[in-house]
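Participant: below is the sequence, then the predicted model.
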Amino acid sequence: MTVIEITDLHDPRLAEFSHRTDVALKKASGTEHGLYIAESALVLERALRAGHEPRSVLALGGSVDEALELLDGRDIPVFSGPSGLLEELTGYLLHRGLIAAMHRPALPTPESLLVGASRVIILENVADPTNVGAIFRSVGAIGADAVFVTPRCSDPFYRRAIRVSMGTVLQVPWTRLGDWASTRRLLAASGFQIAALALSPDAVSLRDFDAPQKLALVLGAEGDGLTTEALDAADTIVQIPMAHGIDSLNVAATAAVAMWALA
């Protein structure tokens, strides 16, 4: 393990920290599945506990010792420098002292995440990484066994999603699904029923919903809501009863309320 003082912002070893987008990191050369960025010692600790491997760490002077302790002898370069220089390199202020470039793990199969599960969440086309991160944090705190995301859903390993979730996207098992026809077959084969949260004249109030032992709860994007395909795949459509003429909540708040009611 080597601590390297940064003197040249064009050092190629710093490429993953230099104004890289999440999409570019996902396609990083020299990796099997790409990279993601873990911000703060807490998130790095959770990533390491999940078995994810770091490629390099960038730390402010006061955070170097903490980074070395967390890395526990791994042969990983730790780059360090003053706050202003690191802000110029990354494009943002390192409020939490350190960031780490982590190797993305291979995603598990959907079938493997259903083994032994009783409550799972499906996010259809939720494009805002802030909402994705907030939902993962609720899943981790209130309790669901896994999260599934559709192909057009924002990547839970995007920097903002990880930060908003406080690293719970690294703790809660998740993976991507295929189309709704194959998803319905997969869930039915594992004994799951599907409940879609949507505004519909025939929706069942969450207060009256008799949840089955195995349930997949589907949430959709802000504004557009769930697609016709998602609604057609559902066994039941449910909604949260509202007051004061309000008809909906932010999708992250909806997820928290629904999970609490169904826990």
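Facilitator: Structure received.

Participant: in which helix or strand would I find Pro105?
Facilitator: In the assignment (DSSP states H and E), Pro105 maps to no helix and no strand.

Participant: all helices for this structure, in order.
Facilitator: 22-26, 41-49, 64-71, 83-90, 110-114, 129-138, 159-164, 180-189, 228-233, 251-262 (DSSP state H).

Participant: and the longest one, what other elements does it pack with?
Facilitator: With contacts defined as 3 or more Cβ pairs under 8 Å, 6 or more residues apart in numbering; DSSP states H and E, the packing partners of helix 251-262 are strand 119-124, helix 129-138, strand 215-220. In short, each C-beta sits where N, CA and C put it, glycine included.

Participant: redo those as JSON lines? Include distance to Glu53.
Facilitator: Output for the helices and strands packed on helix 251-262, formatted as JSON lines (distance: least, Cβ to Cβ, whole Å):
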{"stretch": "strand 119-124", "distance to Glu53": "26"}
{"stretch": "helix 129-138", "distance to Glu53": "21"}
{"stretch": "strand 215-220", "distance to Glu53": "31"}
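
Participant: and those: which comes nearest Leu14?
Facilitator: Nearest to Leu14 among those is helix 129-138; the distance by Cβ to Cβ comes to 23.9 Å.

Participant: pLDDT below threshold where in the stretch 101-250 of the chain?
Facilitator: Along the stretch 101-250 of the chain, the model assigns pLDDT under 70 to residues 242, 244-248.

Participant: picking that back up, between the helices of the chain, which one is nearest to Leu35?
Facilitator: helix 22-26 (4.5 Å).

Participant: run the chain-centre distance for that closest one.
Facilitator: Averaging C-alpha positions (Cα atoms, centre = their mean, to the nearest Å) puts helix 22-26 15 Å from its chain's average.

Participant: quick one, what contacts the nearest residue in space to Phe192 that is not next to it in sequence?
Facilitator: Distances taken as Cβ to Cβ, 6 or more residues apart in numbering put Lys214 closest to Phe192, at 4.5 Å, once the chain neighbours are dropped. Applying Cβ atoms under 8 Å, 6 or more residues apart in numbering to Lys214 gives the contacts Ala117, Ser118, Arg119, Ser190, Gly191, Phe192, Gln193.

Participant: just the buried residues from these, in ChimeraX please.
Facilitator: Buried members of the contacts of Lys214, defined by 16 or more other Cβ atoms under 10 Å, are picked up in ChimeraX with:
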select :117,119,190,192
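
Participant: the contacts of Lys214 in strands, which ones?
Facilitator: Per DSSP state E, strands hold the following members of the contacts of Lys214: Arg119, Gln193.

Participant: wait, Leu231 sits on Ile237?
Facilitator: Yes. Between Leu231 and Ile237 there is a contact at 6.6 Å, judged by Cβ atoms under 8 Å.

Participant: between the two, who's got more neighbours?
Facilitator: Applying other Cβ atoms under 10 Å to Leu231 and Ile237 shows that Ile237 carries more neighbours, namely 21 against 17.
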